[in-house]
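**Q** Sequence first, predicted model second:
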Amino acid sequence: MKKFKTVIINPYLFTLLMLFFLIGCSTNSDDNSNNSNSYNSNSNSNTNSQVEKVYYGNIGFTSQSEVDAFALEEYDRVTGSMQFVGNQIQNVDGLESIKWIKGDLSFLNTNLTSINGLNDLNFSDENTFLKIIGNQQLQSVNGLNNISKKISVFEISGNPLLTEVNGLTSLTEVTYLFELRNNENLTNISGFSGLSGEVTFFDITGNNSLVDFSTVQNISFTFSFFFDNNDLATNLPPINYTDSTGNIFIGDNENLQNVQLDYYGSGVSINNNPSLTNLNGLENLQNASLFISNNNNLNNYCAINVANIASIDTNNNLYNPTIEDLQNGNCSL
């Protein structure tokens, strides 16, 4: 029988060995814990990858390749202005990641047919411009349906294929310039029904297919209002006139028959409106100087309360009374 030799272990050595063993187990446990935390960290990193990616400064595009290259960067915010210029630009489809822009937004002389791709974009500042000018192929502005801030300047001009502006229903207020000019096939502006407030300069000119202007009735102007060359308009839009320094210019509207104004102001010019026969609707004019000319069929001024106007200057109308004629009751042919 083989005899086993008794081994006596120093208790201090045993304690030291046990300590090393426990430390090793703890280290393995920490490693496993670290591995688990590392996975969670990666998961959080994926979530945190949605933190905004910001482009600092202004950015201008003159070609489709520039737009496409910028789209690949997937910016969320632009701290400056964005400008799309020239007929090489055909779409902005890839820019759907952009949520905010601090500066101005302009589309100038492009070949865009729509502005789809900027559907989530909004302005982060109120002192900004939105300009859509000279885009020969543009048919829709629906891609701007998220813009809900009030802005300083709004201009849609020279877009011959644009028929409606329904993509702008979220726009609430324009404070300095509202300009709707020379959009010859525009037939519907119900997209402006959400607009209200006061604008300094209000210009509706050269929209030869537009009949109904009532959806801009909640806008007031404080300095000047132009209503010119809107050939199908039979009635002046019911605009609010809120400032005594304002001037009104109504001219070259071929079918205009009604010029109703409730206005306290300085100057009212009514020129070259061949279908206008009377000034019914001007009963509430106060403190205004009237300049009335070249309205070939205008023969009745009886609606004017002479005591409430500052002056009247008439020429080349069917009837051209002086203020003395009106005071004496000679207000029509």
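**A** Happy to help now that I have it. Keep in mind that this is a model prediction, so the values were computed, not measured.
**Q** Grab the nearest non-local neighbour of residue 74.
**A** residue 97 (4.4 Å; CB to CB, 6 or more residues apart in numbering). No exception for glycine: its C-beta is placed from N, CA and C like everyone else's.
**Q** wait, what's in contact with residue 207?
**A** Contacts for residue 207 (CB atoms under 8 Å, 6 or more residues apart in numbering) come out as 180-184, 186, 230.
**Q** secondary structure class for it?
**A** coil (DSSP: H, G, I helix; E, B strand; the rest coil).
**Q** which of the contacts of residue 207 sit farthest apart?
**A** The largest separation in the contacts of residue 207, counting by CB to CB, is between 180 and 184 at 11.9 Å.
**Q** For these two, indicate the residue with more neighbours.
**A** Using other CB atoms under 10 Å as the criterion, residue 180 and residue 184 rank with residue 180 on top: 23 against 15.
**Q** Wait, the more buried one touches residue 202, no?
**A** No. Residue 180 is not in contact with residue 202 according to CB atoms under 8 Å; the separation is 9.2 Å.
**Q** Mind listing the shared neighbours of those two?
**A** Counting by CB under 8 Å, 6+ apart, residue 180 and residue 202 have no shared contacts at all.
**Q** Phi first, then psi, for the closest residue in space to residue 298 that isn't next to it in sequence.
**A** Closest residue to residue 298 apart from its sequence neighbours, by CB to CB, 6+ apart: residue 317 at 4.3 Å. Geometry field for residue 317 lists phi and psi as phi -100, psi 170, criterion degrees, to the nearest 10.
**Q** quick one, what contacts residue 317?
**A** Under the criterion of CB under 8 Å, 6+ apart, the contact list for residue 317 reads 292-296, 298-299.
**Q** OK, contacts around residue 232?
**A** Residues near residue 232 by CB under 8 Å, 6+ apart: 208-211, 255.
**Q** where exactly do the helices run in the stretch 51-200 of the chain?
**A** Assigned by DSSP state H, counting those that start in this stretch, the stretch 51-200 of the chain shows helices spanning 64-72.
**Q** just to revisit the earlier point, among the contacts of residue 317, which ones are buried?
**A** Neighbour-count burial (16 or more other CB atoms under 10 Å) applied to those gives 292-293, 295, 298-299.
**Q** Restricted to helices, list those residues.
**A** Judged by DSSP state H, the subset of the buried ones among the contacts of residue 317 located in helices is empty.
**Q** Tell me which two in those are the farthest apart.
**A** Longest span within the buried ones among the contacts of residue 317, CB to CB: 293 and 299, 14.0 Å.
**Q** Can you show me the helices along the stretch 201-333 of the chain?
**A** Remark: helices assigned in the stretch 201-333 of the chain by DSSP H, counting those that start in this stretch are 323-327.
**Q** and the gap between the spatially closest residue to residue 150 that is not a sequence neighbour and residue 158?
**A** Of all residues not flanking residue 150 in the chain, residue 173 sits nearest, at 3.4 Å (CB to CB, 6+ apart). Distance, residue 173 to residue 158, using CB to CB, to the nearest Å: 24 Å.
**Q** circling back to that earlier point, and the residue nearest to residue 150, what is it in contact with?
**A** Per CB under 8 Å, 6+ apart, neighbours of residue 173: 150-151, 195-197.
**Q** Name the spans of the protein whose pLDDT lies under the cut-off.
**A** Across the chain, the ranges flagged by pLDDT under 70 are 1-50, 242-245.
**Q** what about residue 323, neighbour count?
**A** Neighbour count for residue 323, taken as other CB under 10 Å: 16.
**Q** Show the contacting residues for it.
**A** Neighbouring residues of residue 323 by CB under 8 Å, 6+ apart: 306, 309, 311-312.
**Q** doesn't residue 117 make contact with residue 142?
**A** No. Look at residue 142 against residue 117 with CB under 8 Å: they stay out of range, at 10.8 Å.
**Q** wait, what's in contact with the closest residue to residue 123 other than its chain neighbours?
**A** What sits nearest to residue 123 in space, not counting adjacent residues and going by CB to CB, 6+ apart, is residue 149, at 4.4 Å. Residues in contact with residue 149 (CB under 8 Å, 6+ apart) are 122-126, 128, 172.
**Q** how about a cut-off of 10 Å?
**A** 122-126, 128, 130, 170-173 (CB atoms under 10 Å, 6 or more residues apart in numbering).
**Q** buried subset of the residues you listed?
**A** Neighbour counting over the contacts of residue 149 (16+ other CB under 10 Å) leaves 123, 128, 130, 171, 173 as the buried ones.
**Q** quick check, nearest of those to residue 224?
**A** Distances from residue 224 to the buried ones among the contacts of residue 149, taken by CB to CB, are shortest for residue 173, at 18.2 Å.
**Q** Look up the closest residue to residue 101, ignoring the ones flanking it.
**A** Excluding its sequence neighbours, the residue lying closest to residue 101 (CB to CB, 6+ apart) is residue 78, at 4.7 Å.
**Q** Is the one you found in contact with residue 121, as I believe?
**A** Yes. The pair residue 78 and residue 121 qualifies as a contact (CB atoms under 10 Å) at a distance of 9.2 Å.
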